[in-house]
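Chemist: sequence? don't have it. structure:
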């Protein structure tokens, strides 16, 4: 049995942009330092929340290289990849390994493909990089029985899945079939605590951009026997989590970070800044959490 890739909360970090729409490395440095000093257990760069599809390969490599040097192996560095045709995805996997990534987060190909094609896609990527893979469940038909993963797991790099559906039954089914051979991470902030109870060993979180210490605490408290407090925190944060999903990710989380003075800029087109009502809703939920003393 291999060790877990990580246990606890990984932050799916936003990519900050300046007013000219370029990657803002000064702010990125501050974001990374904030995460490291507030309990994040791993950092995921350049995935959906990091606007993978809007970044060039050169930008992705630069961001991952910058993060690797700043993190300095204090937590695992996960890099989002795979959102392209197979030849390009395989090339990107190898380049991200060289840039300093420790784990690859495999995004779905840009169009639906049959199970055999998906297997061949990941097999080609596995030949290009020796790093372990976390599969995004968006690339798997989660309505299929757990046994449908069996062929994919023959690719030795595939070690984990990020369960985006929040489906506790699917999580339990996977654990019953594959046990410790497959790490499961919640990819749905609304279901982090319940999926820990269903066998997940942590989460990959958008909310953690705002409060890494609280998302870390949800995980840590559950694993140390305080499931009651873990669930209580989950419930207290639920209205904000809902607000963070009211527009396409990462529009709301970037708006919330800007409201908190993090200055991450706007998303790149075709995404756009949050609607006025979204910003107002986020401000309302942040204020409510402060009033309840959940956050400072």
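Modeler: Perfect, I can see it now. As the structure is a prediction and not an experimental result, all values here were calculated from the model. Numbers count the residues shown, from 1 in each chain.
Chemist: C-alpha only now, for contacts and for neighbours.
Modeler: Will do.
Chemist: for the stretch 101-250 of the chain, what are the low-confidence residue spans?
Modeler: 139-148 (pLDDT under 70).
Chemist: surely residue 78 is in a strand?
Modeler: Yes: under DSSP: H, G, I helix; E, B strand; the rest coil, residue 78 falls within a strand.
Chemist: can we start the residue count at 17 from this point?
Modeler: Got it, first residue is 17 now, which makes that one residue 94.
Chemist: which residues touch it?
Modeler: With contacts defined as Cα atoms under 8 Å, 6 or more residues apart in numbering, residue 94 is in contact with 58-61, 117-121.
Chemist: before we move on, what about residue 153?
Modeler: 177-181.
Chemist: 6 Å instead?
Modeler: 178-180 (Cα atoms under 6 Å, 6 or more residues apart in numbering).
Chemist: of the residues you listed, keep whichever come out buried.
Modeler: 178-180 (16 or more other Cα atoms under 10 Å).
Chemist: show me the residues you listed that map onto helices.
Modeler: Using DSSP state H, no member of the buried ones among the contacts of residue 153 falls in helices.
Chemist: quick one: those as JSON lines, columns for distance to residue 291 too.
Modeler: Below are the buried ones among the contacts of residue 153 laid out as JSON lines (distance: Cα to Cα, whole Å):
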{"residue": "178", "distance to residue 291": "29"}
{"residue": "179", "distance to residue 291": "28"}
{"residue": "180", "distance to residue 291": "25"}
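Chemist: relative to residue 213, which of those is nearest.
Modeler: The closest of these to residue 213 turns out to be residue 179 (Cα to Cα; 13.7 Å).
Chemist: I'd assumed residue 204 was in contact with the closest one.
Modeler: No: taking Cα atoms under 6 Å as the definition, residue 179 is not a contact partner of residue 204, at 7.2 Å.
Chemist: follow-up on the earlier one: which of the contacts of residue 153 fall within strands?
Modeler: Counted as lying in strands by DSSP state E, out of those, are 178-179.
Chemist: ranges for the strands of this structure?
Modeler: For the chain, the strands defined by DSSP E cover 24-28, 58-61, 93-97, 119-122, 149-152, 174-179, 199-202, 218-221.
Chemist: and those strands as JSON lines, adding distance to residue 52?
Modeler: Supplementary listing: the strands of the chain in JSON lines, determined by distance: least, Cα to Cα, whole Å:
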{"stretch": "strand 24-28", "distance to residue 52": "10"}
{"stretch": "strand 58-61", "distance to residue 52": "9"}
{"stretch": "strand 93-97", "distance to residue 52": "12"}
{"stretch": "strand 119-122", "distance to residue 52": "18"}
{"stretch": "strand 149-152", "distance to residue 52": "21"}
{"stretch": "strand 174-179", "distance to residue 52": "22"}
{"stretch": "strand 199-202", "distance to residue 52": "20"}
{"stretch": "strand 218-221", "distance to residue 52": "15"}
